[in-house]
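[1] Turn this into a structure:
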Amino acid sequence: MAIGANSYGDILEVAALVPRWAGASGEFDEGTRPTQRQVESIIDQVSGVVNSILAQNGFAIPVSQADAKLMLDFFVNEEVAAIVAGINGSGRFGPTSKAPGSDGRFAVILSDVQAFIASTAVGLERLGATRTYDALAGLKYRDTDEGGSATFPLWQRRGFGNTDTDWDS
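    Residues are numbered from 1 along each chain as shown. Okay, the predicted model is just below:
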């Protein structure tokens, strides 16, 4: 098995973040916990959540712009490393970190991804990640009517006791 074409991250980078649980060669293999195949599957699964939230925020997936992809690779590597540590009984997904009534791994990962994408969406777009949809794209206004005369907003500051200042005159 290999990491999917729409996935972010790299198994060797994950191994570098959690060398304690990688094999003697510094890589995951069939003798490690989790195995190489399992880590690749986890990378694909976390990337799937990332792609879902990216798509929800209007980005074309997979993100291929070099700097944006590096950022997404880093994020997925960090999340997967935390899961690997948790599988081995350590870190924020380990058994001692579970308080009664706390959210499961998926809810925590989903929350992490949502917060990450929300906080980096503008940066991703400015780096050049293709954004095919923007929630504000449908908002339009007219400043002239059909005859070309200026229109005025339905709600004007004067309606609330303020006065207008025409700064252009």
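[2] residue ranges of the helices in this structure, please?
    Secondary structure of the chain (DSSP state H): helices at 11-17, 36-56, 66-87, 105-127.
[3] Now the first one: buried residues?
    Think helix 11-17. Neighbour-count burial for helix 11-17, counted by 16 or more other Cβ atoms under 10 Å, picks out 11, 13-15, 17. In this view, the C-beta of every residue, glycine as well, is placed from N, C-alpha and C.
[4] is it true that residue 11 touches residue 38?
    No. Using Cβ atoms under 8 Å, residue 11 is not in contact with residue 38, being 10.4 Å away.
[5] Provide a list of residue ranges in the chain with pLDDT below threshold.
    96-102, 134-141, 153-165, 169 (pLDDT under 70).
[6] In it, which residue is most central in space?
    residue 117 (3.3 Å; Cα atoms, centre = their mean).
[7] how near is it to residue 40?
    Going from residue 117 to residue 40 by Cβ to Cβ, to the nearest Å gives 23 Å.
[8] sorry, back to before: which stretch among the helices of the chain comes nearest residue 144?
    Among the helices of the chain, helix 105-127 comes nearest to residue 144, with 30.5 Å by Cβ to Cβ.
[9] Show me what that closest one is packed against.
    For helix 105-127, the packing partners by 3 or more Cβ pairs under 8 Å, 6 or more residues apart in numbering; DSSP states H and E come out as helix 36-56, helix 66-87.
[10] Now do the contacts for the residue nearest to the centre of the chain.
    Neighbour list for residue 117: 50, 53-54, 57, 124 [criterion: Cβ atoms under 8 Å, 6 or more residues apart in numbering].
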